[in-house]
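Peer 1: Below is the structure, and that's it, no one-letter string:
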């Protein structure tokens, strides 16, 4: 077990040990947001056949070679085909077949002329300019060729990808199962918000906020509730979580105080403690452990510290278990929008809001930065990574930020 | 009814008529991603009482006035209080009460000293430096004051906001209902991906991709399926959709061809057609209509055109109906990463991928830009807004982009 590790080491030690969960076939209609555990190889061409991209007339280009405004070529319209149907007849010399957008090109034709460019009368159409062979024909496979890989394993399924996979004829896809996360809060001081607040108690915010954060990621959550600061209770409930979940998250009880019994509970369970303590503020007391390829991440009980270490330590783990191939937050340079008066002897993550203003990437502090304060996390979409030993920070200085939330309202 | 309107006019005409759906009380545990229809005003202070931010000893500062390394002050420890509990006794002259992180400050005390800074022996503790009155005490209401508004109506609930609302003691919140969207595709040529592909047919991608896109937004979807290009069938199914949904989406049948019967179906239903045709490529044939404060948005049948006009025209409407106060995509300037050889006589939206490279906002084209091609939408997170009358575009030129998808992997 290591102590007070660097954040990046904490992330890597756990990520190296983690592998994605099992996979299942699911209907394509349920696949948006899920992660492919198979590559998608096109079984057919897209489009599946040579098609017309517009409403018009399929003809033989050579028949139109001498067409002009003054002396239009006159073709006999021998058939009209609707989209979704195929021509029964063949285009032969001096004939045309009317086609719609998406109609397969009739046999014998090698060009299509737009509906608007033709004069039609009874079963005759007049063409006023010569066509090139191949004109207005979308070739089979022009979008996707049969055999082409259109999505790789580890891709999160977007609405457009659902469309593309559907267009290729898949009714089902193979995806990684939802990651099962059990969430536990610990602390004698915590009261469920449906209960009255007795003296010395506070409402439990960690359990609902972490359940919400896991839900947003697409995990399958079991909220195991709150347990008091007692070794037996905590060991029992972690054990219960491990029975079914891939990851057990706890909050509270990880500092060095008399009632911080979570590390003792881990010791009693005989799990493999990977590290204890991460060199960062807030949230430094985080503990990570592994047992039978399942993970236990024990976060600080301070509400803001819990959410920040959840984001930096638990989210990458959950994403890797989900089967995603990119799981660490994006890092960007930005200009600090305001001052921050306190020096940072320890590496510190400040809550900020990243925005692009007049082409410049900026980040503003979102308010009070204490461990317990949730308010400044509500509009936070980025953490400012302040190196250990930094002095006070000034408006206009360059900072490094990790993007952890929505930037452009998508 | 207006024809061939500008995109912004198309958006505004519909948005002006739309208002949010009804609201319901739901458990806070289900609220992430939902939109508040109430403001959240704090009923209590956060923290609810003066609390200790650390494990230590609560004392009277004046008792420590003469403390020094050489001559420490000795106090009697009269009680030890755990987090979640309150002191039974009062701090009086020359006494101290041991407190934990989160413990209410005992009566009589006006400062807390860190556990690590004290020498403890039996019921005695030694203090080596003078404390300031108020030191290490977090005051009631320091995070949130009772009566303060912590979230306004129209806010989408994030995990941190769930935590903050929970900390204030709410077990339920009032949110806008999920917007009900009915999705219909039309076209004789479309086959469900569970069926074999007969000649002239293509697999239906519009229905699954639009269902996925609405699901991702958090709507409640009814997939009404595909109907052939027949006036009666289309009128009937739109009518069925209007019976229950807030918004009916259709694809196909909106061009000017012989089988484009959706506008006729709208006329038969007697709905109020707001506009027909938007001056943009792809997707120009879009039609918007209103009936009893419900909306019908009829998109092109070309798969890429359908998704792009869904994003630019239907998404803002769905977002406004959801109760969100910001519903149009963010617009940014970016440097074009490659060339685009075709001139754009009409205003055109090109599919691109926005990224920040070495501090510069860039956008790369994602591939083939034809109306039907879905492949270039799969990695697309931005549309390049190309003004009408533009010539060919070159790498390095500045372009205006609308952000329509995830940029930083969040």
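Peer 2: Great, that's in hand. Note that the structure is predicted; figures quoted are calculated from it, not measured.
Peer 1: For chain B, what's its nearest residue on the stretch 1-150 of chain A.
Peer 2: residue A:84 (3.0 Å; Cβ to the nearest Cβ). To be clear about C-beta, it is placed using only N, CA and C from the backbone, and glycine gets the same treatment.
Peer 1: Please tell me I have it right and that residue contacts residue B:199.
Peer 2: No. Using Cβ atoms under 8 Å, residue A:84 is not in contact with residue B:199, being 10.1 Å away.
Peer 1: who's more crowded, those two?
Peer 2: residue A:84 (21 against 9; other Cβ atoms under 10 Å in any protein chain shown).
Peer 1: show me what contacts residue A:35?
Peer 2: Neighbouring residues of residue A:35 by Cβ atoms under 8 Å, 6 or more residues apart in numbering or on different chains: A:154, A:155, A:156, A:157, A:175, A:176, A:322, A:323, A:324.
Peer 1: so the third one touches residue A:326, yeah?
Peer 2: What it means is residue A:156. No. With contact defined as Cβ under 8 Å, residue A:156 does not count as touching residue A:326 (9.5 Å).
Peer 1: quick one: which of these two has more around it?
Peer 2: residue A:156 (22 against 12).
Peer 1: Just list whatever residues bridge to that one.
Peer 2: For residue A:156, the beta-bridge partners under DSSP bridges are residue A:35.
Peer 1: quick one: it and residue B:350, what's the gap?
Peer 2: 23 Å (Cβ to Cβ, to the nearest Å).
Peer 1: now residue A:112, which residues is it bridged with?
Peer 2: Bridge pairing for residue A:112 - DSSP bridges - gives residue A:58.
Peer 1: show me what contacts it?
Peer 2: If you count contacts by Cβ under 8 Å, 6+ apart, then residue A:112 has A:52, A:53, A:54, A:56, A:57, A:58, A:59, A:99, A:105, A:135, A:136, A:137 around it.
Peer 1: out of those residues, which are buried?
Peer 2: Using 16 or more other Cβ atoms under 10 Å in any protein chain shown as the burial test, those include A:52, A:53, A:54, A:56, A:57, A:58, A:59, A:99, A:105, A:136, A:137 as buried.
Peer 1: Just the ones in strands from the residues you listed, please.
Peer 2: A:56, A:57, A:58, A:59, A:99 (DSSP state E).
Peer 1: Most widely separated two among those?
Peer 2: Within those, A:59 and A:99 form the most distant pair, 10.0 Å apart (Cβ to Cβ).
Peer 1: Just the strands from the stretch 301-410 of chain A, written as ranges.
Peer 2: Taking DSSP state E, counting those that start in this stretch, the strands of the stretch 301-410 of chain A run over residues A:331-336, A:348-357, A:360-365, A:382-386, A:398-403.
Peer 1: Out of those strands, flag the one nearest chain B.
Peer 2: Taking the strands of the stretch 301-410 of chain A one by one with Cβ to the nearest Cβ, strand A:398-403 is closest: 4.1 Å.
Peer 1: circling back to that earlier point, just flag the most distant two among the contacts of residue A:112.
Peer 2: So, the contacts of residue A:112 by Cβ to Cβ: farthest apart are A:53 and A:59, at 15.2 Å.
Peer 1: Contact partners for the residue lying closest to residue A:346 once chain neighbours are set aside?
Peer 2: Once flanking residues are discounted, residue A:346 sits nearest to residue A:281: 4.9 Å by Cβ to Cβ, 6 or more residues apart in numbering or on different chains. With contact set as Cβ under 8 Å, 6+ apart, residue A:281 has these partners: A:344, A:346, A:347, A:348, A:349, A:371.
Peer 1: Just give the closest residue to the third one, not the sequence neighbours.
Peer 2: When you say that, I think you mean residue A:347. Using Cβ to Cβ, 6+ apart, the nearest residue to residue A:347 is residue A:388, at 4.5 Å.
Peer 1: Distance check, the one you found against residue A:214.
Peer 2: 30 Å.
Peer 1: of the two, who's got more company?
Peer 2: Relative neighbour count places residue A:214 above the other of residue A:388 and residue A:214, with 27 against 13, counting by other Cβ under 10 Å.
Peer 1: can you pull the buried residues of the one helix or strand the more buried one maps to?
Peer 2: Secondary-structure assignment from DSSP states H and E places residue A:214 in helix A:206-217. Buried residues in helix A:206-217, defined by neighbour count with 16+ other Cβ under 10 Å: A:206, A:207, A:208, A:209, A:210, A:211, A:212, A:213, A:214, A:215, A:217.
Peer 1: pretty sure residue A:174 contacts residue A:39?
Peer 2: No. Residue A:174 is beyond contact range of residue A:39, at 9.9 Å (criterion: Cβ under 8 Å).
Peer 1: The two: which is more packed in?
Peer 2: In terms of neighbours (other Cβ under 10 Å), residue A:174 is the more surrounded of residue A:174 and residue A:39; the figures are 17 against 13.
Peer 1: OK, contacts around that one?
Peer 2: So residue A:174 contacts A:23, A:24, A:25, A:36, A:37, A:38 (Cβ under 8 Å, 6+ apart).
Peer 1: go again using 6 Å as the cut-off
Peer 2: By Cβ atoms under 6 Å, 6 or more residues apart in numbering or on different chains, residue A:174 lies in contact with A:23, A:25, A:37, A:38.
Peer 1: what are the bridge partners for it, then?
Peer 2: Bridge pairing for residue A:174 - DSSP bridges - gives residue A:25.
Peer 1: now swap in the one 10 residues further on and tell me
Peer 2: In this structure, residue A:184 has beta-bridge partners residue A:225, residue A:250, where bridges are defined by DSSP bridges.
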